[in-house]
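> curious how this folds, go ahead:
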Amino acid sequence: NGWVHLKMIDVNEVSYQNDATLLNTGSPHYIKPVTQLATFDVYANGKIIRYNETYNKVGINVNFVELKDNELFVRTYERGVEAETLSCGTGSTAVALAMYHSGQSSSEVINIKTQGGDLIIKFKPSSLAYSNVWLCGPAAQVFEGTLQW
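Next up is the predicted model:
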């Protein structure tokens with residue numbers, strides 16, 4: 001077990017669609033603020049957005065975020081998995097940048113809480129771009145196996 005610092009790609013474009021923020025952190029992400037995230041139906045709502053006419057062909061990860069007591073809670077419907085995952089690194093990074101970009105967070109170091117654990121996102125903002133983006137969090141071995149050919 002240890003702590004990992006993973007360098008992410010720079011993000012040079014942030015756009016909006018209705019009440020959602022769109023950006024790419026290595027994968028495309030749709031970030032939507034919600035209330036009552038603990039009981040929110042991530043699977044049903046995420047699937048509707050991921051498979052709508054706009055995103056159906058390429059797919060998009062859908063991140064739902066709740067700002068509560070100065071903490072960001074994130075739950076993600078992940079394309080490819082086609083279900084909710086316990087944590088998504090590119091999604092947590094996207095949420096941190098989106099919340100900063102919208103002015104809902106003023107820190108360049110943002111704590112994110114997911115069902116899979118707590119993460120820290122660090123970045124350097126400039127104009128409409130974000131560089132020196134880091135995803136930081138715990139790493140633990142969860143599986144070991146042997147393949148026989």
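> quick one: the strands in the protein?
2-7, 15-17, 20-24, 28-33, 61-68, 71-78, 83-85, 109-114, 117-126, 129-139 (DSSP state E).
> which among those strands is found nearest to Leu97?
Proximity to Leu97, assessed across these by C-beta to C-beta, is greatest for strand 129-139 (5.3 Å). (Each C-beta comes from the backbone N, C-alpha and C, glycine too.)
> ok now that closest one, how far from the chain's centre?
Mean-position distance between strand 129-139 and its chain equals 12 Å (C-alpha atoms, centre = their mean, to the nearest Å).
> now stretch 18-27
9 Å.
> save the strands of the chain as JSON lines, and put in mean neighbour count too.
Formatted as JSON lines, the strands of the chain follow (neighbours: other C-beta atoms under 10 Å):
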{"stretch": "strand 2-7", "mean neighbour count": "10"}
{"stretch": "strand 15-17", "mean neighbour count": "11"}
{"stretch": "strand 20-24", "mean neighbour count": "19"}
{"stretch": "strand 28-33", "mean neighbour count": "22"}
{"stretch": "strand 61-68", "mean neighbour count": "22"}
{"stretch": "strand 71-78", "mean neighbour count": "23"}
{"stretch": "strand 83-85", "mean neighbour count": "16"}
{"stretch": "strand 109-114", "mean neighbour count": "19"}
{"stretch": "strand 117-126", "mean neighbour count": "17"}
{"stretch": "strand 129-139", "mean neighbour count": "17"}
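> now those strands in CSV, with mean pLDDT and distance to Ala94?
Compiled in CSV, the strands of the chain are given as follows (pLDDT from 0 to 100; distance: least, C-beta to C-beta, whole Å):
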stretch, mean pLDDT, distance to Ala94
strand 2-7, 94, 14
strand 15-17, 93, 12
strand 20-24, 96, 5
strand 28-33, 97, 4
strand 61-68, 96, 6
strand 71-78, 96, 9
strand 83-85, 97, 14
strand 109-114, 96, 10
strand 117-126, 95, 9
strand 129-139, 94, 10
